[in-house]
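1. This is a predicted model, with the sequence first.
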Amino acid sequence: MTTKVQSAAARFLPSLTDVAFILPLVFQFNQLGGASSLLSDGDTGWHLRTGEWILAAGRVPQQDLFSFTRAGQPWYAWEWLWDVCFGYLNAHFGLQAVVAISMLLLCVTSAMLYRLVLRQCPNPLIAIAVTALADTGMSIHWLARPHLFTFFFTVLFLGILDRAYSENTPAAVKKMIWLLPVLMVLWTNLHGGFVAGLILLGCFAAGGVMEAAWAISPEARAASLHRLKPFLISGVFCALATLVNPYFVALHEHIFKYLTDPYLYEHITEFMAFNFAHPTSIYIEVLMLLGTAAACWNLYHRRFQYFVLLAVWLHLGLHFRRNIPLFSLVCAPMAAQAVFCWLRDLQSTDAAGWFKSLARKFQDSAAEVSQIDRLPRLHLVSAAAIALLAALLYAPQAPKPFQASPDPKDFPVAAADAALRNGYDHIFTTDTWGGYLIYRLYPKAKVFIDGRSDFYGTPFELKYLDVLQAKYDWDQNLSRYGAETALVPADYALASALKENPRWRVVYDDKLAIIFRLAVSQPTQQVSNVPNRGAGENCGQPAAVAASTGARASTGPERPRTNFVAEIGPPRLPLLNRPE
């Protein structure tokens, strides 16, 4: 009876799955700047307005909606399903709902990852530690944008593929591999990162081919080929499933052309290599070292599918920082399994007695934790954490980390008020601020450029950079494209050039942003010195896309496009380095 009572009571206690669920909340609101950090990318603005347009029009746009420079040109809203879902949330519940659902998605992804790691590594203490390490790698791209679904689907696909490949998995569970094409349809319409799903399938297929090639007997080779067959068939159906989108095969042609453009890898920060000079990169370095060691260990034990997975994603992570989060998710299960096996094998080696004793005590402690953690749970702590988050986000006097509003230090909140109040249109601004202005001003005003680099194309982006850097023909380019207003950061070289040009006149200056108007179309006005205002003073306008102080997206011509929070790096583990 006592045992039954204890078991029933344990259902209400938190488990390590709850800990994994809460980890993103701890990192985001204790280390990464809170709600405003999730909204620190201007692209969120045009995504939300796109979703609202689709809901109003009842169709997916085929042409540009937001710029005056390329108005009416063909445009692929290839993440339209995210736009619709989160556009609806924003229209009916505000940016607080966008933040809350984004965090919920991250928390669910983290909890799923822990369960996947635990299946590979029976030691729950190792599993939760590696999950936390993977969360730090994933956190460098925590933004309220469609790619959060790619994190979720990566873990989901990896879990299904791993179960399907395992010899010990029941046949009914193995059949889950046939769900992948259905999931791929959703992934394709939510985010362009669906390519990662095809890479995962390709890695398992390549591992199967290697296993068959290195088989020690004809029977083993036949068994390997038999296991490989479902992966090849599922891969074909998943590839076909990606055609279920509003643009059919034209979407694939567009993505291929975009990803093979050298401009991406020279000018857009998230497509460049990760900056290992950042002090918090130590966590990613540790994960990469573990991943490299685990790859070698899996190759030695002829576990070819895991070797290929680690090798491919380590390569992709080293080349492009936007792949660091995906590498972290893929690496975690294999790294944890390798660490568990190393500790287990250590106890049967000739290592120092004290070291073997320490490893044995650690394993014994983990076994006790595992016995308790296996008890069924209601996960009330996880539910309470999300409920508390929602309550804080919607609180009238929410603490600063929970304010889903623009940070006036990084985004032109007051300047956007002035532009809206005075009806300014045809606005030149930075690409990141362009997305913000779309959120604040559309449909009353259109912008020169925003973060849709795949839409504007390399020739236009280079012209934009020439203007931003005040090259010799900057004014001719503004005139050529019909810009009537320029809203630029006060510390840019372009601001000085505009002040010295008689064609332009300052109409607003708050020391963060300056608004210029063409002198020929705008009478002399007194320069306004409007103080920065909070979200509650935006003249009834919706709260704007925020920016955290740690992730200024485009702060100077030398960094023209940085819609990425790599400067923040992964969060410091709270127990090791708390803020002062």
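-> Happy to help now that I have it. What you see is a predicted model, and the numbers here were worked out from it, not measured in a lab.

2. Measure how buried the nearest residue to residue 322 once chain neighbours are set aside is and give me the count.
-> Distances taken as CB to CB, 6 or more residues apart in numbering place residue 270 nearest to residue 322, at 4.1 Å, with adjacent residues excluded. In this view, the C-beta of every residue, glycine as well, is placed from N, C-alpha and C. Residues near residue 270, counting by other CB atoms under 10 Å, number 21.

3. same check, this time on residue 44
-> Residue 44: 28 neighbours (other CB under 10 Å).

4. residue ranges with poor pLDDT in the protein?
-> 1-10, 278-280, 348-355, 520-580 (pLDDT under 70).

5. which one is the residue most central in space within it nearest to, not counting chain neighbours?
-> Nearest residue to the geometric centre of the chain (CA atoms, centre = their mean): residue 141, 4.1 Å. Computed as CB to CB, 6+ apart, the closest residue to residue 141 that is not its neighbour in sequence is residue 325, at 5.0 Å.

6. Return the residues in contact with the one you found.
-> 137-141, 151 (CB atoms under 8 Å, 6 or more residues apart in numbering).

7. Show me the helices in the stretch 201-350 of the chain, by range?
-> Per DSSP state H, counting those that start in this stretch, the stretch 201-350 of the chain carries helices over the ranges 218-241, 249-259, 262-267, 282-300, 304-319, 324-346.

8. Could you pull out the buried residues of the longest one?
-> Right, helix 218-241. Judged by neighbour count (16 or more other CB atoms under 10 Å), helix 218-241 contains these buried residues: 224, 227-228, 230-231, 234-235, 238, 241.

9. domain parsing for this protein?
-> Domains of the chain are assigned by automatic domain parsing as 2-31+94-380, 413-537.

10. hang on, the earlier thing: let me have the helices of the stretch 201-350 of the chain in a markdown table, adding distance to residue 396 as columns.
-> Below are the helices of the stretch 201-350 of the chain laid out as a markdown table (distance: least, CB to CB, whole Å):
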| stretch | distance to residue 396 |
| --- | --- |
| helix 218-241 | 46 |
| helix 249-259 | 44 |
| helix 262-267 | 43 |
| helix 282-300 | 37 |
| helix 304-319 | 43 |
| helix 324-346 | 35 |
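
11. wait, which of these is closest to residue 19?
-> helix 324-346 (14.9 Å; CB to CB).

12. ok, then the element right after that closest one?
-> helix 353-373 (DSSP states H and E).

13. coming back round to it: most neighbours among the contacts of residue 325, which one is it?
-> Result: residue 140 is most packed of the contacts of residue 325 (other CB under 10 Å), 29 neighbours.

14. So that one versus residue 518, what's the distance?
-> As judged by CB to CB, to the nearest Å, residue 140 and residue 518 stand 41 Å apart.

15. related to what we said a few turns ago, specify which member of the buried residues of helix 218-241 is nearest to residue 479.
-> residue 241 (47.3 Å).

16. in a strand, that's where residue 409 is, yeah?
-> No: going by DSSP: H, G, I helix; E, B strand; the rest coil, the assignment for residue 409 is coil, not a strand.

17. Next, give phi and psi for it.
-> phi -80, psi -20 (degrees, to the nearest 10).

18. list the helices and strands the helix or strand containing residue 464 packs on?
-> Element membership for residue 464 (DSSP H and E) is helix 458-468. Counting contacts by 3 or more CB pairs under 8 Å, 6 or more residues apart in numbering; DSSP states H and E, helix 458-468 packs against helix 262-267, helix 474-481.

19. That helix vs helix 474-481, what angle?
-> 130 degrees (axes from the mean of the first three to the mean of the last three CA atoms, to 10 degrees).

20. follow-up on the earlier one: among the domains of the chain, which is nearest residue 87?
-> Across these, closest to residue 87 is domain 2-31+94-380 (CB to CB), at 9.3 Å.

21. Tell me the buried residues in stretch 401-418?
-> Burial within stretch 401-418, assessed by neighbour count using 16+ other CB under 10 Å, is assigned to 401-408, 410-418.

22. repeat for stretch 11-29
-> Quick answer for stretch 11-29 (16+ other CB under 10 Å): 14-29.

23. and which of those residues is nearest to residue 360?
-> residue 16 (21.3 Å).

24. Correct me if wrong: that closest one contacts residue 129.
-> No: with contacts defined as CB atoms under 8 Å, residue 16 does not count as touching residue 129, sitting 10.4 Å away.

25. OK, contacts around the closest residue to residue 208 other than its chain neighbours?
-> Leaving aside its sequence neighbours, residue 208 sits nearest to residue 228 (CB to CB, 6+ apart; 3.5 Å). By CB under 8 Å, 6+ apart, residue 228 lies in contact with 205, 208-209, 211-212.

26. how about a markdown table for these, with distance to residue 175 and neighbour count added?
-> Converted to a markdown table, the contacts of residue 228 look like this (distance: CB to CB, whole Å; neighbours: other CB atoms under 10 Å):
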| residue | distance to residue 175 | neighbour count |
| --- | --- | --- |
| 205 | 18 | 20 |
| 208 | 18 | 23 |
| 209 | 22 | 18 |
| 211 | 21 | 21 |
| 212 | 22 | 18 |
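
27. Closest one to residue 436 out of the residues you listed, please.
-> residue 205 (42.9 Å).

28. ok, now how distant is that closest one from residue 236?
-> Applying CB to CB to residue 205 and residue 236 gives a distance of 10 Å.

29. ok, now residue 357?
-> 53 Å.

30. picking up where we left off before, closest one to residue 503 out of the contacts of residue 228, please.
-> The shortest gap between residue 503 and any of the contacts of residue 228 belongs to residue 205, at 60.4 Å (CB to CB).

31. Buried ones in the host helix or strand of residue 497, by neighbour count?
-> Element membership of residue 497, judged by DSSP H and E, is helix 493-500. Across helix 493-500, burial judged by 16+ other CB under 10 Å covers 494-495, 497-498.

32. Go through the helices of the stretch 201-350 of the chain and pick out the most buried.
-> The highest mean neighbour count among those, using mean count of other CB atoms under 10 Å, belongs to helix 324-346: a mean of 24.

33. Now do the same contact list for residue 162.
-> By CB under 8 Å, 6+ apart, the neighbours of residue 162 are 116, 119-120, 333.

34. swap that for residue 196, sorry
-> 150, 153-154, 326 are the contacts of residue 196 under CB under 8 Å, 6+ apart.

35. The nearest residue to residue 102 once chain neighbours are set aside: neighbour count?
-> Of all residues not flanking residue 102 in the chain, residue 144 sits nearest, at 4.4 Å (CB to CB, 6+ apart). Look at residue 144: counted by other CB under 10 Å, it has 28 neighbours.

36. so residue 144, which of the three states?
-> Classified using three-state DSSP, residue 144 is coil.

37. Hmm, it is touching residue 105, no?
-> No: Residue 144 lies out of contact with residue 105 (CB under 8 Å); the separation is 9.7 Å.

38. OK, contacts around residue 290?
-> 130, 331, 335, 338-339.

39. quick one on the thing from earlier: can you put the domains of the chain in TSV and add distance to residue 61?
-> Listed next are those as TSV, based on distance: least, CB to CB, whole Å:
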stretch	distance to residue 61
domain 2-31+94-380	9
domain 413-537	11
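
40. So which residues of the chain form strands?
-> 427-428, 485-489, 504-509, 513-518 (DSSP state E).

41. Pull up the pairing partners for the second one, direction included.
-> Strand pairing for strand 485-489, determined by DSSP bridges: strand 427-428 (parallel), strand 513-518 (antiparallel).

42. Burial-wise, tell me which of the ones you listed comes out on top.
-> strand 427-428 (a mean of 26).

43. Show residues contacting that strand.
-> Identification of contacts with strand 427-428 by CB under 8 Å, 6+ apart yields 419, 437, 441, 445-449, 467, 478, 483-488.

44. so how far is that strand off the chain centroid?
-> 28 Å (CA atoms, centre = their mean, to the nearest Å).

45. before we move on, what about stretch 306-326?
-> 15 Å.

46. Report the contact partners of residue 463.
-> Applying CB under 8 Å, 6+ apart, the residues near residue 463 are residue 477.

47. No more questions from me, cheers.
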